[in-house]
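Visitor: Fold the following for me, if possible:
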Amino acid sequence: MSQCCFDDLSTELLIYIFNFLDVRDLSRLRLICRRFRDVINAWDSVLIKTTTVVTNQNSDKFLARCFTKIPTKLEKLRLQNNWKYGMYNEKNLFYVRKRYMPWLKLDKDYLWFSRGSKIFNYKRDRECIINSKPNYVLTPQYRHSCVNVGFSSIDVTKFTVQDDILVGGLSDGGVYVQNLINKNDFYIDKDEHTFTCSVDISPDGLVVASGMRNDCFKIFSLHRDPLELTLIHTQELGQRAWCVSFCEERPIFACGTSAGGDSRKSILLFDTDRYTEIMNLKLGHFISATLDIKWDGPNGIWSCGNDSHLRRWDLRTGNCEQKFHDAFGAGLYCLDYDYCNSIMVGTYLHGRVALWDVRTKRCVQLYFTRSCKGTTLNSPVYSLSFDSEYLFAAVDQNLNIMDFSNYEYRQKRDYVKILEETKVG
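Guide: All right, here's what the predicted structure looks like:
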């Protein structure tokens, strides 16, 4: 009678047996033989029923900025463990002595990074995360017909990229558009001296919005050939427009304000046909600027500002349905979202980033960026973005990159646990 080995069992029987094992045992079982590895990798969604933080790649929008697609659930859990316990390698790039307010934009292949009057494009690379030498550098400059001839000395405040068009705001009130295919094709619209706080481009790529410091936002029609902006609407708000954003699923436009004046409206919603106000979101008796917003589907908005709260608004009710308070009561400058369970905010002090799981009220982890000399920073995180393996944080003097992908042992930086022990003590 021939002997039957364990790995000779059918796949159905192996899956039934493996269901009795926990995640740690499954990880070890993968190392036994190729058959077990293939079964576990192919059926990990059946064997492992838990959901992860940061490493979920259920959204196409999140996958569009992930450098790699995580192949298995076990690998997602390994990376989640690194995020939860602060196990990462940190790189500090592009240090300068002068302090700036940078901005960044991340996608699968490139990182765009603005500093001062320049916007840099860097190629993402597995070995060095991003190449130290930029692919190209964009410098907003005025046409010869403008008063300011030649290269501009003003700063790029914020920018966004969609397909082959880059749109940026300038610190002198200008709105800058650049064709990324033909680098010589650019245009700047500037009517008055103010400060452009934020810009966005509509999902169809035909309309550009800019939020201004002089209590208004402007809507431009974008022409591709030749590249040009035409002002079609100006909306006076009576309070500063700190951030603007188009919804991709509905014809709605959102504007985050300083919530000043008698109305104390924190976020204003407009239709994109006539830009008439259809809804406003208030913080109650608080007066707090909304500094960044992200859409969460057609009916949800995440917002953060200088009142130390991260909020999720439901447009169907007009109410704040979720609210997270920063552990140290610091203002929140920026946020990014994986469109599933995880959201990160950049805070006002110490170059700190906070990771939240939207399913709970508990902060998952805190990450403190460091300077190129290894010391702690006292800079705000002006802009951030992340994928399943990396966190990019732009501070005043350098760009910090935290790599959570390595297998080698790293020191745990579990600041949430330390904070909780301090409160108990």
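
Visitor: care to break the protein down by domain?
Guide: Per automatic domain parsing, the domain ranges recorded for the chain read 1-49, 82-424.

Visitor: what's the burial count for Pro298?
Guide: Neighbourhood size, Pro298 [other CB atoms under 10 Å]: 12. Every C-beta, even on glycine, is put in place using the N, C-alpha and C of the backbone.

Visitor: no no, Lys69
Guide: When neighbours are counted by other CB under 10 Å, Lys69 registers 9.

Visitor: Spatially nearest residue to it, not counting backbone neighbours?
Guide: Distances taken as CB to CB, 6 or more residues apart in numbering put Gln57 closest to Lys69, at 6.2 Å, once the chain neighbours are dropped.

Visitor: how close does Leu315 get to Val345?
Guide: Distance of Leu315 to Val345, computed by CB to CB, to the nearest Å: 21 Å.

Visitor: higher neighbour count, the two?
Guide: A direct count of neighbours by other CB under 10 Å for Leu315 and Val345 places Val345 higher, at 28 against 22.

Visitor: who's in contact with the helix or strand that one falls within?
Guide: In this structure, Val345 sits in strand 342-347 according to DSSP states H and E. Residues from elsewhere that reach strand 342-347, judged by CB atoms under 8 Å, 6 or more residues apart in numbering: 53-54, 56, 302, 304, 310, 326, 328, 330-337, 352-358, 364, 380-384, 386, 391, 393.

Visitor: Just the buried residues of those residues.
Guide: When those are checked for burial by 16 or more other CB atoms under 10 Å, the buried set is 53-54, 56, 302, 304, 310, 326, 330-337, 352-358, 364, 380-384, 386, 391, 393.

Visitor: Okay, and which of the residues you listed map to helices?
Guide: Of the buried ones among the contacts of strand 342-347, none are assigned to helices by DSSP state H.

Visitor: Sort out for me which of those residues are in strands.
Guide: Per DSSP state E, strands hold the following members of the buried ones among the contacts of strand 342-347: 302, 304, 310, 332-337, 352-357, 364, 383-384, 386, 391, 393.

Visitor: which residues touch stretch 274-285?
Guide: Contacts for stretch 274-285 (CB under 8 Å, 6+ apart): 219, 233, 235, 252-253, 259, 263-271, 301, 303, 307, 313, 315, 318, 320.

Visitor: whoops, stretch 56-71 was the one
Guide: 41, 55, 76, 79, 106-108, 124, 126, 338-342, 385, 387-390.

Visitor: Separate out the buried members of the residues you listed.
Guide: Members of those classed as buried by 16+ other CB under 10 Å are 55, 76, 79, 106, 124, 338-342, 385, 387-390.

Visitor: and Arg316, what does it touch?
Guide: Residues in contact with Arg316, defined by CB under 8 Å, 6+ apart, are Asn299.

Visitor: Wasn't it part of a strand?
Guide: No: assigned with DSSP: H, G, I helix; E, B strand; the rest coil, Arg316 falls outside any strand and is coil.

Visitor: Phi and psi next, for it.
Guide: Arg316 has phi and psi values of phi -70, psi -30 when expressed as degrees, to the nearest 10.

Visitor: now it: how far from Asn299?
Guide: 5 Å.

Visitor: same check, this time on Ser266
Guide: To Asn299, Ser266 is 17 Å away according to CB to CB.

Visitor: of these two, who's got more company?
Guide: Ser266 (27 against 15).

Visitor: right, and the secondary structure at that one would be what?
Guide: Classification of Ser266 using three-state DSSP returns strand.

Visitor: Please renumber the chain so that the first residue is 815 from this point on.
Guide: In the new numbering, first residue 815, that becomes Ser1080.

Visitor: got the contact list for it?
Guide: Taking CB under 8 Å, 6+ apart, we find Ser1080 in contact with 1070-1071, 1073, 1094-1097, 1102, 1104, 1117, 1119.

Visitor: Next step: those residues restricted to strands.
Guide: Reading strands off these with DSSP E, I get 1070-1071, 1094-1096, 1104, 1117, 1119.

Visitor: need the domains of the chain in TSV with mean pLDDT and distance to Lys875, can you?
Guide: Converted to TSV, these look like this (pLDDT from 0 to 100; distance: least, CB to CB, whole Å):
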stretch	mean pLDDT	distance to Lys875
domain 815-863	72	21
domain 896-1238	90	5
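
Visitor: Among the contacts of Ser1080, which one lies nearest to Pro948?
Guide: Pro948 lies nearest to Gly1070 out of the contacts of Ser1080, by CB to CB, at 30.6 Å.
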